[in-house]
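Q: fold the following for me, if possible:
(one chain, ligands or ions: 1)
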Amino acid sequence: HHPVAAIQDTETPAQRDARMAWWRDARFGMFIHWGLYSIPAGTWDGKQIPSIGEWIMNNASIPVADYKALAPKFNPVGFNAHDIVALAKSAGMKYIVITAKHHDGFAMFDSKANSFNIVAATPFKRDPLRELAEECRKQGMKLGFYYSQDQDWTASGGSAYKTGNHDSPTHHWDKAQDGDFDTYLHTKAIPQLKELLTNYGDFPVVIWFDTPTANMTPERAGEIVALLNQHPNLIWNNRLGGTYKGDTETPEQYIPPQGYPGLDWESCMTMNDTWGYKSYDTNFKSTETLLRNLIDIASKGGNYLLNIGPDSNGIVPPPEAERLKAVGQWLSLNGEAVYGTSPTLFGSEAGKFSATEKDSKGKPKFIASWDWRSTTKVDKVYVEIFKWPNGPFHLEKMPRTVKRAYLLADAEKKLLAVKQDGDMVDIQLPANAADPIATVLVLETVK
Ligand code: H79
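A: Sure thing, here's the model as predicted:
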């Protein structure tokens, strides 16, 4: 068991509900992976390095000194905090989480604790976290910080593994990485976390930890928890390590078929196949996929933390900005079916387990259905229809009585004919979908 009680161990359920309230309503956030890795952008020594861009130092076994030499070349004068926060707003996102320090150990903020940072080691000399904090305050956006507490590939003693095996955190590729993990923890990670927690006013509201290894024992994690406990409104995820469960489950690059009933959770995903910018990764998901992912996640009670990867000039790749604006356009008309909603009342619309096919673990394979999803409020059931039916929309196992029905995007709220027979409901739809990606049917209900 862990040695220091965390807030989750001591607060009452009502206190937890109050602490998590804004986050549960938010549903949609922006992840930003931005750092020195945006300079090589997926290419090192003339070779395209496979896999995620922010891992290039590891995947190309770049020596510490060579990686650190990127800092004097980092001058992202195109970075504009106002525009990034405005982009998140226009996408309908309610919070931003940015990489304050990723596994490469480079701090994207003004740090007195360690000089390998954007203010001390680059010609840019500005603190993007401070600029984002100011803009978030102005524009009514929440701000959180990602911090890689355990892996640090440029700090002596930081975890650095090349095998993908979190239990072997000392598979170093450069002698400069050797050293004592406790020294790293006490001279870099904990002091920098203190800076992040105290230098930005009312932010951060989230700390997003990542990839704990065997180094993160309960005792060591407890030292971090003692610090987090001084910020009682903070929300932190389940990746600190050392037996701490944190506040939020963090499925990465997938949507759990049933969500996590009873738990707070957030799917983090990329738009292409990398978090940090890669110049040649153009494998962008469609707006349809991104929007349906958001609706799917909301229908299961989770949040969608969708990533952007600004380039080495601080510019958001246009394909990412375009897609975010398109999702935001839909939310501006249909957001009431997403924000502040409860999960679906109908488990079955998401798909079913196959009677014959097995998944990779030998369990019945889940066959997803993408016909429609549903979200809930006290007096309303929303149905987000992806596949427009030929004829009425048919709903089974409806636990409430439907009083009225209309399309959310219809400014006149023209009433649609409803036939209810016990828990079976048929709604007469117009001939065509209001939106080919998702048309929201609103059912006003009584219990
Ligand atoms: O910040 C993003 C990722 O860099 C980070 N989490 C998200 C939010 C992350 N770190 N580790 N992992 C995700 C999973 C590790 C994957 C690995 Fe690999 C498989 C490490 C080594 C083998 C991927 C493939 C990275 C290198 C090769």
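
Q: what strand or helix carries E195?
A: Per DSSP states H and E: E195 is located in helix 190-198.

Q: which other helices and strands contact that helix?
A: Secondary structure elements in contact with helix 190-198, counted by 3 or more C-beta pairs under 8 Å, 6 or more residues apart in numbering; DSSP states H and E, are strand 95-101, strand 142-147, strand 206-208, helix 218-228. Yep, even glycine has a C-beta here, placed from its N, CA and C like the rest.

Q: let me see the mean pLDDT of that helix.
A: Average pLDDT, helix 190-198: 99.

Q: let me see the ranges of the strands in the stretch 301-447 of the chain.
A: 303-308, 351-358, 364-368, 372-377, 380-385, 393-395, 401-407, 418-421, 424-427, 439-446 (DSSP state E, counting those that start in this stretch).

Q: winner for burial among those?
A: Using mean count of other C-beta atoms under 10 Å, the stretch among these with the largest mean neighbour count is strand 303-308, at a mean of 24.

Q: my guess is W44 contacts I56, does it?
A: Yes. Between W44 and I56 there is a contact at 6.0 Å, judged by C-beta atoms under 8 Å.

Q: any common contacting residues for the two?
A: With contacts taken as C-beta atoms under 8 Å, 6 or more residues apart in numbering, W44 and I56 have I62 as neighbours in common.

Q: out of these two, which sits in the busier spot?
A: Of the pair W44 and I56, I56 is the one with more neighbours under other C-beta atoms under 10 Å, namely 25 against 17.

Q: any idea how far the more buried one is from P430?
A: To P430, I56 is 51 Å away according to C-beta to C-beta, to the nearest Å.

Q: report the secondary structure state of the residue lying closest to D178 once chain neighbours are set aside.
A: Distances taken as C-beta to C-beta, 6 or more residues apart in numbering put H172 closest to D178, at 6.1 Å, once the chain neighbours are dropped. What DSSP: H, G, I helix; E, B strand; the rest coil gives for H172 is coil.

Q: residues in contact with H172?
A: 160, 162, 178.

Q: over to K413?
A: 406-407.

Q: where exactly do the helices run in the stretch 51-200 of the chain?
A: Assigned by DSSP state H, counting those that start in this stretch, the stretch 51-200 of the chain shows helices spanning 56-59, 64-68, 81-90, 128-139, 181-184, 190-198.

Q: domains in this protein, by residue range?
A: 7-337, 347-446 (automatic domain parsing).

Q: point out the most buried one among those domains.
A: It is domain 7-337: most buried of the domains of the chain by mean count of other C-beta under 10 Å, with a mean of 19.

Q: tell me if I'm right that A86 and Q139 touch.
A: Yes. Using C-beta under 8 Å, A86 is in contact with Q139, at 6.7 Å.

Q: wouldn't D264 be in contact with M20 here?
A: Yes. Taking contacts as C-beta under 8 Å, D264 lies within contact range of M20: 5.9 Å.

Q: any buried residues in stretch 339-349, and which?
A: Within stretch 339-349, the residues that count as buried by 16 or more other C-beta atoms under 10 Å are 339, 341, 343-346, 349.

Q: dump these to a markdown table, plus pLDDT and distance to the ligand.
A: Output for the buried residues of stretch 339-349, formatted as a markdown table (pLDDT from 0 to 100; distance: C-beta to the nearest ligand atom, whole Å):
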| residue | pLDDT | distance to the ligand |
| --- | --- | --- |
| Y339 | 98 | 24 |
| T341 | 98 | 25 |
| P343 | 98 | 24 |
| T344 | 98 | 27 |
| L345 | 97 | 32 |
| F346 | 97 | 31 |
| E349 | 94 | 29 |
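
Q: before we move on, the earlier item: between the helices of the stretch 51-200 of the chain, which one is closest to the ligand.
A: Nearest to the ligand among these is helix 56-59; the distance by C-beta to the nearest ligand atom comes to 5.4 Å.

Q: and the closest one, what does it pack against?
A: So helix 56-59, by 3+ C-beta pairs under 8 Å, 6+ apart, packs with no helix or strand.

Q: what does that helix contact?
A: 37, 40, 42, 44, 49-51, 62, 67, 103-104, 153-154, 160, 162, 173, 276.

Q: residues in the protein within reach of the ligand, list them.
A: Residues of the chain lying close to the ligand by C-beta under 6 Å from any ligand atom are 33, 51-52, 54-55, 59, 164, 210-211, 252, 268, 275.

Q: can you put the helices and strands packed on helix 190-198 in CSV and add mean pLDDT?
A: Shown next, in CSV, are the helices and strands packed on helix 190-198 (pLDDT from 0 to 100):
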stretch, mean pLDDT
strand 95-101, 99
strand 142-147, 99
strand 206-208, 99
helix 218-228, 98
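
Q: figure out which of those is closest to P13.
A: helix 218-228 (19.7 Å; C-beta to C-beta).

Q: that closest one to helix 190-198, inter-axis angle?
A: 30 degrees (axes from the mean of the first three to the mean of the last three C-alpha atoms, to 10 degrees).
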